[in-house]
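**Q** Return atomic coordinates for the entry below.
(chains A, B, C and D)
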Number of protein chains: 2
Amino acid sequence: MVNKVKFERDEVIRTAGQLFWQKGFNATSTRDLQNAINMRPGSIYAAFGSKEGLYCEAIKDYALFMQNQLLSALNEHESILDGLTAFVKKVLIEDAECAPSMLCMLVKANNEFTEDEPTLKLLSNDLANQFEAFLTTLFEKAQHTKELGTKLTAVEYARYFQIQFTGLRSYLNRPNTQALADALIDQMFLSIKQL
Amino acid sequence: MVNKVKFERDEVIRTAGQLFWQKGFNATSTRDLQNAINMRPGSIYAAFGSKEGLYCEAIKDYALFMQNQLLSALNEHESILDGLTAFVKKVLIEDAECAPSMLCMLVKANNEFTEDEPTLKLLSNDLANQFEAFLTTLFEKAQHTKELGTKLTAVEYARYFQIQFTGLRSYLNRPNTQALADALIDQMFLSIKQL
DNA sequence: TTTGATTTTGAGCGACCGTTCAAGTTAAAA
DNA sequence: TTTTAACTTGAACGGTCGCTCAAAATCAAA
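**A** Now for the predicted structure:
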């Protein structure tokens, strides 16, 4: 090798991801990206192939980041439900102050893409399904440790959690709702426990 | 007046609305609209001023249509909660077969628009708040008739309903989830009643 | 110090965007 | 039948889009 790349790949992906997360895929222009990540078209296309390629890396990075957030919240709590609660509060209260959107980037992706963008539609769906599968194993564990009843199957709990979480984030995306976050999260877990 | 317009305004707004609902505002081009509503640019701009103007009419029409759907479901049931259940099933099961998206058009709008489109952001938010206000009066009535307890205030019930409804629609937007709709709706109202 | 593969730069391509407007068409009024 | 204001048409404008590529810059190896 006679010349090394001058940019930090992970950092570029994260910065681009923030922009994509905020504005959506279609509303983010390649000029926006050029400014945000301080790279010229040639370099971007050499490194990522296309705007779509960069977006794919960014959304995969987002999913990985979320999973790590959840894992570290679980590590800090004995109880799985406590860990999940801490995770939700971290994402919706602490991180929310500087996050580009209250909405989950995967959900935003699923909302934006139609059959016109089959690759991105498939990818965002895959990542959401992976997250659901991970949640399912969590609720299985919670049922084994008797934290949670067996009225619902683990996958049903996982579905219910996602519905609540997504609905809540969508509501908190409205202006002047941030003050309600804490109480609504408690209400969410109350309703999960007493299902 | 020496010459009348040749298009049916309401029908044009509804058709355009279906396209906007499906693809979002930014991803719907004026050429898409021209084809869908069979009008040439000059006529569209004479009638609606701009793409944004047509979108405003379309989203207001959507909100009105939803309110009418809810009102007619309420008329067909003694109980308010039964009426709400029928409304949700109508929207998520019956209408879903030919609707352009599982998601609420207002929610999609709120998700898409940033500070770059302040007019549309404000409008979609206004319409969502109006719907919340209407829901609140419904839950007040339900509390007066003892259908519902007073553990939560009416506006808290309205918020919870919207969170559930939005979260559910987002989940049902994923592929191969339609079969789950009926059970998840029952679960939703169960959790509202036992809050 | 020279070489040369690799990376970066940025002008610019063709396509499509939202929108305009002069010209053509229409039909009620004169 | 002629007039004329309202409506429709569609070519085309300036701007932005995603993306390309020839030229310049870079730096490890020779």
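**Q** A:Pro100: neighbour count?
**A** 15 (other C-beta atoms under 10 Å in any protein chain shown). To be clear about C-beta, it is placed using only N, CA and C from the backbone, and glycine gets the same treatment.
**Q** Chain B contacts on chain A?
**A** For chain A, the residues in contact with chain B (C-beta under 8 Å from any C-beta of the partner chain) are A:22-24, A:26-27, A:103, A:107-108, A:110-112, A:114, A:116, A:125, A:128-129, A:159-160, A:162-168, A:170-171, A:173-175, A:180, A:184, A:187, A:190-191, A:194-195.
**Q** and the longest helix for chain A?
**A** helix A:118-144 (DSSP state H).
**Q** by contact count, what packs against it?
**A** Applying 3 or more C-beta pairs under 8 Å, 6 or more residues apart in numbering or on different chains; DSSP states H and E, we find helix A:118-144 packed against helix A:51-75, helix A:80-89, helix A:105-112, helix A:154-172.
**Q** Mind checking if the shortest one is in reach of DNA strand D?
**A** No: Helix A:105-112 stays out of contact with DNA strand D when judged by C-beta under 7 Å from any atom of the strand, the minimum separation being 13.1 Å.
**Q** what's the angle from that helix to helix A:154-172?
**A** Relative orientation of helix A:105-112 versus helix A:154-172 (axes from the mean of the first three to the mean of the last three C-alpha atoms, to 10 degrees): 80 degrees.
**Q** One more: the second one?
**A** Angle between the axes of helix A:80-89 and helix A:154-172 is 30 degrees (criterion: the same axes, to 10 degrees).
**Q** what is the rounded mean pLDDT of helix A:80-89?
**A** Averaging pLDDT along helix A:80-89 gives 98.
**Q** what about that helix, distance to the chain center?
**A** From the chain centre to the centre of helix A:80-89 is a distance of 15 Å (C-alpha atoms, centre = their mean, to the nearest Å).
**Q** Now do that helix: which elements does it pack against?
**A** Judged by 3+ C-beta pairs under 8 Å, 6+ apart, helix A:80-89 is in contact with helix A:51-75, helix A:118-144, helix A:154-172, helix A:181-193.
**Q** Now for the residue most central in space within chain A: which residues touch it?
**A** The centroid of chain A falls nearest to A:Cys104 when counting by C-alpha atoms, centre = their mean (4.5 Å). By C-beta atoms under 8 Å, 6 or more residues apart in numbering or on different chains, A:Cys104 lies in contact with A:Met66, A:Phe165, A:Thr166, A:Arg169.
**Q** likewise A:Glu94?
**A** Per C-beta under 8 Å, 6+ apart, neighbours of A:Glu94: none.
**Q** Next, count neighbours for the closest residue to DNA strand C within chain A.
**A** Going by C-beta to the nearest atom of the strand, DNA strand C is nearest to A:Gly42 of chain A, at 2.2 Å. When neighbours are counted by other C-beta under 10 Å, A:Gly42 registers 8.
**Q** is the helix or strand in which it is found anywhere near DNA strand D?
**A** Of the helices and strands defined by DSSP states H and E, A:Gly42 is found in helix A:41-48. Yes: using C-beta under 7 Å from any atom of the strand, helix A:41-48 comes into contact with DNA strand D via A:Pro41, A:Gly42, A:Tyr45.
**Q** doesn't A:Gln34 make contact with the first one?
**A** This means A:Pro41. Yes: with contact defined as C-beta atoms under 8 Å, A:Pro41 reaches A:Gln34; the gap is 6.7 Å.
**Q** out of these two, which sits in the busier spot?
**A** Neighbours of A:Pro41 and A:Gln34, each counted by other C-beta under 10 Å, are more numerous for A:Gln34; the result is 14 against 11.
**Q** Isn't that one up against A:Tyr45?
**A** No: judged on C-beta under 8 Å, A:Gln34 makes no contact with A:Tyr45 at a distance of 11.0 Å.
**Q** which ones are touching A:Leu106?
**A** By C-beta under 8 Å, 6+ apart, the contact set of A:Leu106 is A:Ile59, A:Tyr62, A:Ala63, A:Ser124, A:Leu127, A:Ala128, A:Phe131.
**Q** mind listing what the closest residue in space to A:Asn38 that isn't next to it in sequence touches?
**A** Nearest non-adjacent residue to A:Asn38, counting by C-beta to C-beta, 6 or more residues apart in numbering or on different chains: A:Phe7, 7.8 Å away. For A:Phe7, the contact set (C-beta under 8 Å, 6+ apart) comprises A:Ile37, A:Asn38, A:Met39, A:Ser43, A:Ala47.
**Q** do A:Asn111 as well
**A** Residues counted as contacts of A:Asn111 (C-beta under 8 Å, 6+ apart) are B:Leu103, B:Lys108, B:Asn111, B:Ser170, B:Asn173.
**Q** Nearest spatial neighbour of the fourth one, chain-adjacent residues omitted?
**A** Across the structure, with C-beta to C-beta, 6+ apart as the measure, the residue nearest B:Ser170 apart from its sequence neighbours is A:Thr166 (4.7 Å).
**Q** Can you check what angle separates the helix holding A:Gly42 from helix A:51-75?
**A** Put simply, helix A:41-48 runs at 50 degrees to helix A:51-75, going by the same axes, to 10 degrees.
**Q** buried stuff in helix A:41-48?
**A** Residues A:Ser43, A:Ile44, A:Ala47, A:Phe48 are the ones in helix A:41-48 that count as buried (16 or more other C-beta atoms under 10 Å in any protein chain shown).
**Q** Which members of those residues are the farthest-apart pair?
**A** Using C-beta to C-beta, the buried residues of helix A:41-48 reach their maximum pairwise distance at A:Ser43 and A:Phe48, which is 9.3 Å.
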